[in-house]
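Student: only geometry, no sequence info:
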């Protein structure tokens, strides 16, 4: 074999192998670049698919905010979206005419588009815009919220009415306001098949969120006689809880059926008034600590939490009134984990600026709890209550048909998570119920601490449903 020929052959073979290897590597590199590009494009598309949802949510929030502000309006269009986070959105707000509104929003990023829809419910005629509200949380299909009476004894409600069950209006009863019911309405016109939400009392967590725990403030109480009647546990005047007396011995016949401590709303540092005239100036006064020069820390605009029962019931008094020596407004919320018993009148000194909320919540260890009872068990002296009242369970009666309670007036509202079932017909007599709705909470003219889902000024909207929708 020729040595030179052999060397040329080997060099040619090596060159061919190198050429082939180069072509293979180039192909692999091209393939890798293609795969990398595809992966990057896929990753970008996935990222855009997620990001565009947040853009659509921004549009949804914008639409809902205009609805809550009372001036619903559309934003952007498909051709001219509102710029947001590297993309854009457009939304529409539509009033459905049935107390709901539909807000739709579409977001777009790099050609990727997604849509969202929210249905909002108007609660403007809910618990804080109703004179009488009975949520019927038990779901009783036979429950009737009733109003009746004849002539001067006919019920009169100035405000809206809602029942989660049925509404029955009979005789000469008058309702000035809208009537809504989850069931049927008989004897009046209104909207049937209507559902309104019930406040979430458990979510308020009053045991820890309140300003004053009355039971704790009574830990150093002493047993004293008082002009308010009998002996009871009391605390010093500088203590915010001094406006209560615990377990007075002259009313043990009233409290013997309760299993928890009983706190009576009566200020032992004020004088008892036995006047039957129903106005604040003839009432037994209640002075909050730290208000208008009174000793102690300020107790106005505060929440008192009572793990027990609250009574407005005195053997010698007809009426109680919150007063301030200097005329400053008195605003306070009492939350009672038990029952509230109202036998005597509760009045404001200043009906434009003063405000009281009475809230009864359930105790899971007590079957009879979360109720507000109306009426004096013996004498029937209850005539007028100035308060915003909420019973997580029911409104019930105690001897409302007795002489002296032939007429009962509420200036504020009556809200029951379950039922208002006061029996006001006995012995041929109908006890007249007058409810004059106090709009100050719903229109924002007054505020009270510890109030769940207060409406504030303007309509109150709540999310009813939320979902992703396809492109139109």
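Tutor: Ah, there it is. If you're wondering where the values come from, they're calculated on a predicted model, not measured in any experiment. Numbering: from 1, shown residues only.
Student: Hmm, residue 154 is touching residue 171, no?
Tutor: Yes - between residue 154 and residue 171 there is a contact at 5.7 Å, judged by CB atoms under 8 Å. (Glycine included, C-beta is placed from N, CA and C.)
Student: out of the two, which sits in the more crowded spot?
Tutor: residue 154 (18 against 15; other CB atoms under 10 Å).
Student: Count the neighbours of the closest residue to that one other than its chain neighbours for me.
Tutor: Counting by CB to CB, 6 or more residues apart in numbering, residue 172 is the residue found nearest to residue 154 once chain neighbours are left out, at 3.6 Å. Here the number of neighbours of residue 172 (other CB under 10 Å) works out to 15.
Student: which ones are touching residue 172?
Tutor: By CB atoms under 8 Å, 6 or more residues apart in numbering, the residues touching residue 172 are 149-151, 154.
Student: Please apply the same query to residue 358.
Tutor: Neighbouring residues of residue 358 by CB under 8 Å, 6+ apart: 310, 334, 336, 340, 342, 372, 387-390.
Student: Reformat the contacts of residue 172 as JSON lines; add secondary structure.
Tutor: Formatted as JSON lines, the contacts of residue 172 follow (DSSP: H, G, I helix; E, B strand; the rest coil):
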{"residue": "149", "secondary structure": "coil"}
{"residue": "150", "secondary structure": "coil"}
{"residue": "151", "secondary structure": "helix"}
{"residue": "154", "secondary structure": "coil"}
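Student: List buried residues within those.
Tutor: Using 16 or more other CB atoms under 10 Å as the burial test, the contacts of residue 172 include 149, 154 as buried.
Student: now, among the contacts of residue 172, which is nearest to residue 284?
Tutor: Taking CB to CB as the measure, residue 284 lies nearest residue 149 of those, at 30.6 Å.
Student: Quick check: that closest one touching residue 155?
Tutor: Yes - using CB under 8 Å, residue 149 makes contact with residue 155 at a distance of 5.2 Å.
Student: Which neighbours do these two have in common?
Tutor: Counting by CB under 8 Å, 6+ apart, the residues touching both residue 149 and residue 155 are 173, 432.
Student: re earlier: can you put the contacts of residue 172 in JSON lines and add distance to residue 196 and pLDDT?
Tutor: Output for the contacts of residue 172, formatted as JSON lines (distance: CB to CB, whole Å; pLDDT from 0 to 100):
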{"residue": "149", "distance to residue 196": "26", "pLDDT": "90"}
{"residue": "150", "distance to residue 196": "30", "pLDDT": "91"}
{"residue": "151", "distance to residue 196": "32", "pLDDT": "92"}
{"residue": "154", "distance to residue 196": "26", "pLDDT": "92"}
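Student: tell me the two of the contacts of residue 172 that are most distant?
Tutor: Greatest spacing in the contacts of residue 172, by CB to CB: 149 and 151 (7.6 Å).
Student: what bits of the protein have low per-residue confidence?
Tutor: For the chain, the stretches with pLDDT under 70 are 1-47, 98-99, 123-127, 376-380, 399-405, 423, 426-427, 452-460.
Student: now the helices for it?
Tutor: Using DSSP state H, the helices of the chain run over residues 3-68, 206-209, 214-217, 252-255.
Student: Compute the first-to-last residue distance for stretch 93-113.
Tutor: 19 Å (CA to CA, to the nearest Å).
Student: and if you look at stretch 306-318?
Tutor: First-to-last distance for stretch 306-318 - CA to CA - comes to 23 Å.
Student: so what's residue 363 up against?
Tutor: Going by CB under 8 Å, 6+ apart, residue 363 touches 260, 307, 337-338, 369-370.
Student: Buried ones only from those, please, as a PyMOL command.
Tutor: To isolate the buried members of the contacts of residue 363 in PyMOL, using 16+ other CB under 10 Å:
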select buried, resi 260+307+337+338+369+370
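Student: Would you reformat the contacts of residue 363 as TSV and include distance to residue 220?
Tutor: What follows is the contacts of residue 363, written out as TSV (distance: CB to CB, whole Å):
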residue	distance to residue 220
260	20
307	17
337	21
338	22
369	27
370	29
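Student: Can you report how many residues neighbour the nearest residue to residue 298 once chain neighbours are set aside?
Tutor: Spatial nearest neighbour of residue 298, excluding adjacent residues (CB to CB, 6+ apart): residue 290 at 3.5 Å. For residue 290, the number of neighbouring residues by other CB under 10 Å comes to 16.
Student: show me the contacts for residue 290.
Tutor: Here residue 290 is in contact with 240, 296-300 (criterion: CB under 8 Å, 6+ apart).
Student: Next up, phi/psi of it, please.
Tutor: phi 70, psi 10 (degrees, to the nearest 10).
Student: Please apply the same query to the one 10 residues further on.
Tutor: The phi and psi torsions at residue 300 (degrees, to the nearest 10) take the values phi -80, psi 150.
Student: what's the answer for residue 352, then?
Tutor: The phi/psi pair for residue 352 (degrees, to the nearest 10) reads phi -90, psi -30.
Student: what sits against it?
Tutor: Residue 352 makes contact with no residue under the criterion CB under 8 Å, 6+ apart.
Student: ok, it to residue 360 distance?
Tutor: To residue 360, residue 352 is 26 Å away according to CB to CB, to the nearest Å.
Student: So what's the residue count around residue 168?
Tutor: For residue 168, the count of nearby residues is 18 (other CB under 10 Å).
Student: if I look at it, how far off is residue 145?
Tutor: Residue 168 sits at a distance of 7 Å from residue 145 (criterion: CB to CB).
Student: Residue 187 contacts residue 170, correct?
Tutor: Yes - using CB under 8 Å, residue 187 is in contact with residue 170, at 5.3 Å.
Student: ok so, going back, may I see the contacts of residue 172 organised as a markdown table, with distance to residue 112 added?
Tutor: A markdown table is the format used below for these (distance: CB to CB, whole Å):
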| residue | distance to residue 112 |
| --- | --- |
| 149 | 65 |
| 150 | 69 |
| 151 | 71 |
| 154 | 65 |
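Student: Nearest to residue 105 among the contacts of residue 172?
Tutor: Comparing the contacts of residue 172 against residue 105 with CB to CB picks out residue 154 as the nearest, at 50.7 Å.
Student: Quick check on that closest one: phi, psi?
Tutor: According to degrees, to the nearest 10, residue 154 has phi -70, psi 140.
Student: Tell me who's in contact with it.
Tutor: By CB under 8 Å, 6+ apart, the contact list for residue 154 reads 148, 171-174, 430, 432.
Student: do that again at 10 Å, thanks
Tutor: Listed by CB atoms under 10 Å, 6 or more residues apart in numbering, the contact partners of residue 154 are 147-148, 170-174, 430, 432-434.
Student: And for residue 392?
Tutor: With contact set as CB under 10 Å, 6+ apart, residue 392 has these partners: 135, 137, 198-199, 201-202, 336-337, 359-362, 369-372, 415-418.
Student: please redo it, this time with the cut-off set to 8 Å
Tutor: Applying CB under 8 Å, 6+ apart to residue 392 gives the contacts 201, 359-362, 370, 417-418.
Student: which of the residues you listed has the most neighbours?
Tutor: With neighbours taken as other CB under 10 Å, the top of those is residue 360, carrying 31 neighbours.
Student: Any idea what that residue is bridged to?
Tutor: Note on residue 360: beta-bridge partners by DSSP bridges are residue 336, residue 391.
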